[in-house]
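[1] got a predicted structure here, sequence first:
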Amino acid sequence: MIYNIKDYSVFPVLVNYIDNFLTKKQCTDIIKFARNKEYKPHGALSGNAISNHGLNDTILNDIQLNVKNCKNIVNELYTIINGYLHKVGLMPVKLTNSWINFQKKGSGLLSHKHPGNSISGVIYLAVDEHSSPLVFHNPNPYIGFTSRTGNTDYNAEFSALKPKIGSCCIFPSWLSHSSGTHINQSEERIALSFNADI
C-alpha cells in the first residue's frame, strides 16, 4: 500500500538571524563609546563578565545620539523588528530597554528568559571563532524524556547560533537561551542586547 504522508511542523518558533546588520566600523565606534559607561556583574552572566543592564537601559538611544555613523540605528532596528512581527503575527512593539555585556575569556551566559517583553534580540559588536555561541533551549519540557535513535530538528534539546561581528538575532522573549555548555574562549565577547514590548 502507498500512503500519502504529509509532514507538519506544529508550533514552530521563529528566530531571525541578520548578517551584517552593522558594519565593523560601526561596531568599533559603538565599543569605543560604550567603554566609558558604568558596568557591574549581572545575574545572567557567569565568570569574568560585566553589564550595564539596570545601570543604563537606554544604551541604543545613547548610541544613536552620540555615535556619528549610528544616527539611524534605532530606525533600522525597527525595520528588522517589524519584519519579524509581520511574520509571526504579533502587535507592533517599542523598545523597552537595551544594554551591553562585556565578556572575557572563561565567562558564560546562564540560561534565562526576558519576562515582561514580547521579543528580544542581540547585536554582536565583538566576537571571533573562539566566542561562545547563543544557545536556544527547546521549550518542550518533555523533549529530554524520549528515547531517540539520532538527533533531528524534531528531538533537539538545544540549537546553537555562532555569532558574527555586526550580526543581529531576534527571538521571542519567552525562549530560554544561554551559552549552553560552551565557555567563552575569546579575549573579549561584546554584545548589545535589547527588549521590546507593546
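    That came through, no problem.
[2] helices and strands around the helix ranked longest in the chain, which ones?
    Longest helix of the chain, by residue count under DSSP state H: helix 73-88. Here helix 73-88 touches strand 16-18, helix 59-66, strand 119-126, strand 168-172, going by 3 or more CB pairs under 8 Å, 6 or more residues apart in numbering; DSSP states H and E. Placement of C-beta: from N, CA and C, glycine included.
[3] any stretches of the protein with poor pLDDT?
    Across the chain, not a single residue meets the criterion (pLDDT under 70).
[4] all strands of it, in order?
    Remark: strands assigned in the chain by DSSP state E are 16-18, 45-46, 49-51, 94-104, 108-109, 119-126, 134-137, 158-161, 168-172, 177-178, 188-197.
[5] now tabulate the ones you listed in JSON lines and tack on mean neighbour count.
    Output for the strands of the chain, formatted as JSON lines (neighbours: other CB atoms under 10 Å):
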{"stretch": "strand 16-18", "mean neighbour count": "16"}
{"stretch": "strand 45-46", "mean neighbour count": "20"}
{"stretch": "strand 49-51", "mean neighbour count": "20"}
{"stretch": "strand 94-104", "mean neighbour count": "20"}
{"stretch": "strand 108-109", "mean neighbour count": "23"}
{"stretch": "strand 119-126", "mean neighbour count": "23"}
{"stretch": "strand 134-137", "mean neighbour count": "20"}
{"stretch": "strand 158-161", "mean neighbour count": "16"}
{"stretch": "strand 168-172", "mean neighbour count": "21"}
{"stretch": "strand 177-178", "mean neighbour count": "24"}
{"stretch": "strand 188-197", "mean neighbour count": "21"}
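[6] now these as TSV including distance to residue 144?
    Listed next are the strands of the chain as TSV, based on distance: least, CB to CB, whole Å:
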stretch	distance to residue 144
strand 16-18	25
strand 45-46	22
strand 49-51	28
strand 94-104	28
strand 108-109	21
strand 119-126	24
strand 134-137	10
strand 158-161	10
strand 168-172	21
strand 177-178	16
strand 188-197	27
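[7] between those strands, which one is nearest to residue 4?
    strand 158-161 (30.4 Å; CB to CB).
[8] strands paired with the closest one, and their directions?
    strand 134-137 (antiparallel) (DSSP bridges).
[9] which residue packs closest to residue 18, ignoring adjacent ones?
    residue 168 (4.4 Å; CB to CB, 6 or more residues apart in numbering).
[10] repeat that for residue 25.
    residue 69 (6.5 Å).
[11] what about that neighbour, how many neighbours?
    13 (other CB atoms under 10 Å).
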